[in-house]
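Student: What would the 3D arrangement of this be:
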Amino acid sequence: MAQGSQYPNTYILVAGEVKVYLAAETGKSVVLDIYQPGMFIGEQEAIVAQPYSASIVNISPVTLLQISNADFREWTMRDHRFANSLIYNLSEQIYHLTKRTERYSLYSTRQQIGFCLLTDLTDQTYITREQVTYRVDTSLRNVNRVLKQLAELEIIEINKGRIRLINRQKLQQLIRIED
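Tutor: Residues are numbered from 1 along each chain as shown. You can find the predicted model right below:
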């Protein structure tokens with residue numbers, strides 16, 4: 001689904017993940033959010049009858065529930081529980097977008113990556129470079145540079161493209177020092 005295009009349907013993400021992003025004609029893009037199951041796609045545009053304000057691309061296999069925009073608008077008017085759920089969903093999106101804007105605007109690339117790792121990883125989980133790139137406002141080249149530095153500082157371990165946090169406390173200290 002492309003930014004600037006109008007679509008006749010609204011979708012509910014049932015399974016998988018999609019990346020929501022803005023793209024400039026120059027090729028530069030910025031990730032706005034990663035949608036998880038239960039999130040709506042195109043609901044804002046259906047309500048205000050406008051083209052998509054952002055682009056959407058799958059980052060894993062997805063299952064979508066498709067609803068015509070007219071039926072979606074009718075559903076919101078007739079079902080107050082659904083309307084409340086929609087309001088909650090939109091508010092959550094605005095909240096996450098505000099937090100992402102804060103990170104992009106106020107923090108260095110290393111801090112953004114550090115926050116991503118601290119938030120998304122436990123001692124038993126891992127993340128990929130691509131997943132990190134979706135969550136920070138920089139190029140893959142910069143992500144690789146920072147990840148290499150963090151590996152050299154023995155904060156993370158990278159094995160076959162999988163990044164594992166091995167020293168949470170040291171990463172927290174590093175992020176605080178940069179403030």
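Student: what ranges of this structure fall below the confidence cut-off?
Tutor: Scanning the chain with the threshold set as pLDDT under 70 gives 123, 178-179.
Student: in it, which spans are strands?
Tutor: For the chain, the strands defined by DSSP state E cover 9-15, 18-23, 29-35, 40-41, 55-58, 63-68, 127-128, 156-159, 162-165.
Student: so how far is the fifth one off the chain centroid?
Tutor: The chain centroid and the centroid of strand 55-58 are separated by 11 Å, computed with Cα atoms, centre = their mean, to the nearest Å.
Student: Excluding its own residues, what touches that strand? List them.
Tutor: For strand 55-58, contacts defined as Cβ atoms under 8 Å, 6 or more residues apart in numbering pick out 1-3, 16-23, 35, 41. Heads up, the C-betas are built off the backbone N, CA and C, glycines and all.
Student: Quick one, which of the residues you listed are buried?
Tutor: Neighbour counting by 16 or more other Cβ atoms under 10 Å classes 1, 3, 17-21, 35, 41 among these as buried.
Student: which one of these sits closest to residue 139?
Tutor: The closest of the buried ones among the contacts of strand 55-58 to residue 139 turns out to be residue 21 (Cβ to Cβ; 13.7 Å).
Student: picking that back up, and the buried ones among the contacts of strand 55-58, which is closest to residue 127?
Tutor: Of all those, residue 127 sits closest to residue 17, with 12.9 Å by Cβ to Cβ.
Student: hang on, the closest one packs against residue 31?
Tutor: No: using Cβ atoms under 8 Å, residue 17 is not in contact with residue 31; the gap is 11.8 Å.
Student: one step back: so which of the strands of the chain comes closest to residue 139?
Tutor: By Cβ to Cβ (comparing all of these), the closest turns out to be strand 29-35, at 10.2 Å.
Student: partners of the closest one in the sheet?
Tutor: Paired strands of strand 29-35, with direction, are strand 18-23 (antiparallel) (DSSP bridges).
Student: per-domain residue ranges of this protein.
Tutor: Per automatic domain parsing, the structural domains of the chain span 9-105, 108-178.
Student: Much appreciated, bye for now.
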